[in-house]
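Q: Got a predicted model here, sequence first, then my questions.
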Amino acid sequence: MEGILFWVCGGLMVFGGLMMVVQRSAVVSAVWLIFAFISAAGIFALLSAPFLAVMQILVYAGAIMVLFLFVIMMLQGPVLEDDRKRLALPLWPAVAVPPLAVVVMIIGYVKRNGLTGMGGAVPEEFGSPVHVAELLLGKYLLAFELISIVLLVAIIGALALGKDERKLPWK
Amino acid sequence: MIIVLDTLAKILFFFVLIMGLVVVLIWMERKGAAFIQDRTGPNRASIGGVRLAGLVHPIADVFKLLFKEDVTPANRHKALYNMAPWLVMTVALSTYAVIPFGDHLTVAGRKVPLVAADLSVGLLYVLAIASLATYGVVLAGWSGNNKFTFLGGIRAASQMISYEISMGLALMGLILVFSSLRITDIVAGQGDLVLGFLPKWGVVVQPLGFILFIVAVFAETNRNPFDLPEADSEIVAGFHLEYSSMKFALFFMAEYAHMVVGAALIATLYFGGYQIPWLPRPLIEAHAGLILTLKLIGVAAVSLLIAMLFFRRAQKEKGKFGDARDREPVLGGGLWVLVAVAALAGLVLKPWTIGPVGADLVASVLQIMAFVAKVVFFAWLFIWVRWTLPRFRYDQLMRLGWKVWLPLGLANLVVTALVMAIV
């Protein structure tokens, strides 16, 4: 059952990613990306990581992609003639690159670990919010806080870029 | 196999509840609006002269929308245009999977928890689905290829981003208090008492968080005073302007389904869900006979009172319309008398001698009824607010979301964390 679901989610994800790349319309591309993100959330759920699965939908499929769509629509306006054409050409890099990446990843994995099965049974609480929180606020606290500082810098940078230059506090 | 059947039954319960409430809410909205604006409201549609005070109107609506021509703009984006209404409806109907509508029900000796999917990350699931709800509206706005629908879609996107943050912050305070993301844990925690006499409801332990949350829910359901995406005085009908027939009906139904889900969330997270205040489940089971007897008597008394009000109205408004409508109050009063008679007839079965199996059933049914009553009340709150408050201006909406609600949410979170650390 899990195996079937894995292949369904994985297949849908690859398909969504592919469709995202070959679309001519930016809005439709974004919609396919959302589709791929939600399939990825399905894979996280199957890998007994419910917290990550929901976060994938909440943060990526929900918040970030709404913002993406918002920006695309703001810049582009209502439906363009191009939006109604089906696919972008040339297709071949889009079709060729993802399978290539998968093959490279498989070769890398096999070289390092041999052809044994992946991992064993996971502990009971693995991937639960409590487990993730213990790791993030315990073992990886420094990295976690540093990432938040990176985000803060990015926000301030965006503000500085977006604001009228003469009104910046350091000018 | 049996678990699959259980789950299907639970899904069906909520589906029927939502779809039934959608019909009732459309009626409630019209009659409520009429009541607030001091007019009569819809009372013309009838089946063979039976008008049911306007309850026939939703049926007329259904037939009208089903048989209407589906007019579509020529320059739409076809795929997204067709997908958007379904997306809105699907998302509206997905949230309830994690909302418990009762503690458990004993079926043939098995304890069945009354929640379709008891996720360990239930609260986050609610937020995740809420964040997906925008797509239908945004894509509907864009794919119609019309400036007004486009503005509606853009407004929906920015409004949702602004209010999702304060919604999440408000819920974080709740998570701190009940120290769980599992919604069943949160509801179970609300069965306790604080200070010995107040039910430990979310609204009691998180009053500010409740206000933040309820405003954010209003914004997320696109209901007045936050219905900027469809503000009819500014952008005609906003995102659903280019839709007609059943596609429009889907948007319309989704709005009410969102209301039901929003009401269920408010009731579950901040008003104890299925918990009856001061009546924890063991107490109900211990005194099931007494409670059932009192309840039957109470139902009989209340319905007799309502029947009397109806009859008084029939007396007062005699000959007001000069047609079949004059007999409506008599009909309504008669129905309530029937309810009272049925309740009193129930007393013949000696409900005070109920056994332990029956006691369990009584407790479950009472809790489900408490939950439904709360949901209906908060759905009415949505209608009440819509016809009482004027719409926000767009800049006011943004200012409230980012400059008032966000800092308040952060303050609420910090204060809650401090209190939790000290106590």
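A: Structure received.
Q: Okay, and the residue minimising distance to the centre of chain B sits in which element?
A: Against the mean C-alpha coordinate of chain B, by Cα atoms, centre = their mean, the closest residue is residue B:260 at 2.4 Å. Using DSSP states H and E, residue B:260 sits within helix B:245-270.
Q: residues of whichever helix or strand comes after that helix that come out buried?
A: Using DSSP H and E, the helix or strand that follows helix B:245-270 in sequence is helix B:281-286. Within helix B:281-286, the residues that count as buried by 16 or more other Cβ atoms under 10 Å in any protein chain shown are B:281, B:284-285. Every residue, glycine included, has its C-beta placed from N, CA and C.
Q: name the helices or strands packed onto helix B:281-286?
A: Where contact means 3 or more Cβ pairs under 8 Å, 6 or more residues apart in numbering or on different chains; DSSP states H and E, helix B:281-286 is packed against helix B:356-386.
Q: What is the subsequent helix or strand relative to the helix it packs on?
A: helix B:394-399.
Q: Using PDB, write down the CA coordinates of that next one.
A: Extracted in PDB, the C-alpha atoms of helix B:394-399 (Å, rounded to 0.1, in the frame of the first residue of the first chain):
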ATOM      1  CA  TYR B 394      -8.700  48.400   1.300                       C
ATOM      2  CA  ASP B 395      -5.900  50.500   3.000                       C
ATOM      3  CA  GLN B 396      -7.700  50.100   6.300                       C
ATOM      4  CA  LEU B 397      -7.800  46.400   5.900                       C
ATOM      5  CA  MET B 398      -4.000  46.300   5.200                       C
ATOM      6  CA  ARG B 399      -3.300  48.600   8.100                       C
END
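Q: which stretches of chain A have low pLDDT?
A: A:77-95, A:98, A:113-125, A:165, A:167-171 (pLDDT under 70).
Q: now do 80
A: Residue ranges of chain A with pLDDT under 80: A:1-4, A:21-25, A:47-48, A:76-103, A:105-129, A:162-171.
Q: ok, now which ones touch the residue of it found nearest chain B?
A: Here chain A gets closest to chain B at one residue, residue A:62, 2.7 Å apart by Cβ to the nearest Cβ. Listed by Cβ atoms under 8 Å, 6 or more residues apart in numbering or on different chains, the contact set of residue A:62 reads B:127-128, B:130-132, B:164.
Q: Would you mind trimming the residues you listed to those in range of chain A?
A: Near chain A, judged by Cβ under 8 Å from any Cβ of the partner chain, the entries from the contacts of residue A:62 are B:127-128, B:130-132, B:164.
Q: Now flag whichever of the residues you listed is closest to residue B:396.
A: The shortest approach to residue B:396 among the ones next to chain A among the contacts of residue A:62 belongs to residue B:164, at 18.4 Å (Cβ to Cβ).
Q: count of neighbours near the closest one?
A: 23 (other Cβ atoms under 10 Å in any protein chain shown).
Q: can I assume it is in contact with residue B:131?
A: Yes. With contact defined as Cβ atoms under 8 Å, residue B:164 reaches residue B:131; the gap is 5.8 Å.
Q: if I look at these two, which residues touch both of them?
A: Common neighbours of residue B:164 and residue B:131 (Cβ under 8 Å, 6+ apart) are A:62-63.
Q: Check which residues of the helix holding residue B:260 are buried.
A: In helix B:245-270, the ones that count as buried by 16+ other Cβ under 10 Å are B:245, B:247-270.
Q: can you check stretch A:22-35 too?
A: So for stretch A:22-35, counting by 16+ other Cβ under 10 Å, buried means A:22-23, A:25-35.
Q: quick check, that stretch touching chain B?
A: Yes. Shown here: stretch A:22-35 in contact with chain B (Cβ under 8 Å from any Cβ) through A:25, A:27-28, A:31, A:34.
Q: Touching, residue B:153 and residue A:73? I think so.
A: Yes. The pair residue B:153 / residue A:73 is scored as a contact, 6.9 Å apart, by Cβ under 8 Å.
Q: So between those two, which is more surrounded?
A: Legend: neighbour count by other Cβ under 10 Å for residue B:153 and residue A:73, higher for residue B:153 (28 against 21).
Q: need the contact list for that one.
A: So residue B:153 contacts A:73, B:137-142, B:229, B:239 (Cβ under 8 Å, 6+ apart).
Q: now with 10 Å?
A: Going by Cβ atoms under 10 Å, 6 or more residues apart in numbering or on different chains, residue B:153 touches A:69-70, A:73, A:78, B:84, B:134-144, B:229, B:238-239.
Q: Just these: which are in helices?
A: Members of the contacts of residue B:153 lying in helices (criterion: DSSP state H): A:69-70, A:73, B:84, B:134-143.
Q: ranges for the helices of chain A?
A: A:2-22, A:26-46, A:50-55, A:65-76, A:92-113, A:129-134, A:141-162.
Q: Now do the SS call for the nearest residue to residue A:57 once chain neighbours are set aside.
A: Of all residues not flanking residue A:57 in the chain, residue B:128 sits nearest, at 4.1 Å (Cβ to Cβ, 6 or more residues apart in numbering or on different chains). Secondary structure for residue B:128, judged by DSSP: H, G, I helix; E, B strand; the rest coil, is helix.
Q: give me every residue that touches residue B:128.
A: Residues near residue B:128 by Cβ under 10 Å, 6+ apart: A:38, A:41, A:53-59, A:61-63, B:94-95, B:121.
Q: again with residue A:56
A: By Cβ under 10 Å, 6+ apart, residue A:56 lies in contact with A:37-45, A:49, A:62, B:128.
Q: any idea how far residue B:228 is from it?
A: 29 Å (Cβ to Cβ, to the nearest Å).
Q: go on, residue B:215?
A: With the distance defined as Cβ to Cβ, residue B:215 ends up 14 Å from residue B:228.
Q: Counting neighbours, go ahead and name the busier of these two.
A: Set residue B:215 next to residue B:228 and count neighbours by other Cβ under 10 Å: residue B:228 wins out with 25 against 21.
Q: and the closest residue to that one other than its chain neighbours, what helix or strand is that in?
A: Excluding its sequence neighbours, the residue lying closest to residue B:228 (Cβ to Cβ, 6+ apart) is residue B:155, at 4.8 Å. In this structure, residue B:155 sits in helix B:147-178 according to DSSP H and E.
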